[in-house]
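Student: I need the structure of the sequence given here:
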Amino acid sequence: MRGLDIRKKTREQNVPVAEYMKLLAEMKERLARETFDCIVGIRRSGLIVAVYLSYQLGLPFFTDGDIESIPASFPRVLLVDTCAWKGKTLRKAMLRLSKLGGKSVTPAVLYRSSFIDPKIDGLIWLRETDLIKRFWYEPSFVGWGDDDDAGDEKPAGSGMRAGVKKAGPFDPA
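Tutor: Numbers count the residues shown, from 1 in each chain. Here you go, the predicted model:
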């Protein structure tokens, strides 16, 4: 799989705020039956999911950058991200957690790839997809999920990042 550019083989799809919020509520309901001591969110893509679940489930929250500071008194860890494509990010975090010893890790995502097996033991997911999801908080998100944009498919790389030079901090152009 080394060097595989999944963007060349797939299309993108916007995930509007309303759909994202429904998925968060569904994930909360799915995980409320489980017992965890803390939540670890993958920085950037998993933080909103992790913070939401932390508040809703009443659990302490850590980022994957804080893994080594998780107390031994928190042996049951919920590890969350938005998507699992190849699974590398989640597997790396799970390995770091396992090196701490005595940790039981449950990985969970909103979406998992339907065309690449992410190979993550015990993965909980809500939806399978062959589309790269673009969330409302990403610079590449096009539109804001109104009736004209909701769920629109776009060719991979067609978001605002494609060919757009970012302005510097004091450059309004």
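Student: Can you tell me which residue is spatially central in the protein?
Tutor: The centroid of the chain falls nearest to Thr82 when counting by C-alpha atoms, centre = their mean (1.8 Å).
Student: element containing that one, please.
Tutor: Thr82 belongs to strand 76-84 when assigned by DSSP states H and E.
Student: Quickly run through the sheet partners of that strand, with directions.
Tutor: Paired strands of strand 76-84, with direction, are strand 38-41 (parallel), strand 104-113 (parallel) (DSSP bridges).
Student: hey, which of those strands is tucked in deepest?
Tutor: Most buried of those, by mean neighbour count (mean count of other C-beta atoms under 10 Å): strand 38-41, with a mean of 26. All C-beta atoms are positioned from the backbone trio N, CA, C, and that covers glycine.
Student: thinking again about what came up before, now the residue nearest to the centre of the chain: how far from Leu95?
Tutor: Here Thr82 is placed at a distance of 20 Å from Leu95 (C-beta to C-beta, to the nearest Å).
Student: Let's have the strands paired with strand 76-84 in JSON lines, adding mean pLDDT.
Tutor: JSON lines is the format used below for the strands paired with strand 76-84 (pLDDT from 0 to 100):
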{"stretch": "strand 38-41", "mean pLDDT": "98"}
{"stretch": "strand 104-113", "mean pLDDT": "96"}
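Student: Where does pLDDT dip in the chain?
Tutor: Counting by pLDDT under 70, the ranges of the chain that qualify are 1-10, 142-173.
Student: Tell me where it has helices.
Tutor: 6-9, 17-31, 47-57, 88-99 (DSSP state H).
Student: Out of those helices, flag the one nearest Arg127.
Tutor: Closest to Arg127 of those is helix 17-31 (C-beta to C-beta; 7.5 Å).
Student: Can you name every helix or strand that the closest one contacts?
Tutor: helix 47-57, strand 104-113, strand 124-129 (3 or more C-beta pairs under 8 Å, 6 or more residues apart in numbering; DSSP states H and E).
Student: Neighbouring strands of the shortest one in the sheet, and parallel or not?
Tutor: The strands beside strand 124-129 in its sheet (DSSP bridges) come out as strand 104-113 (parallel).
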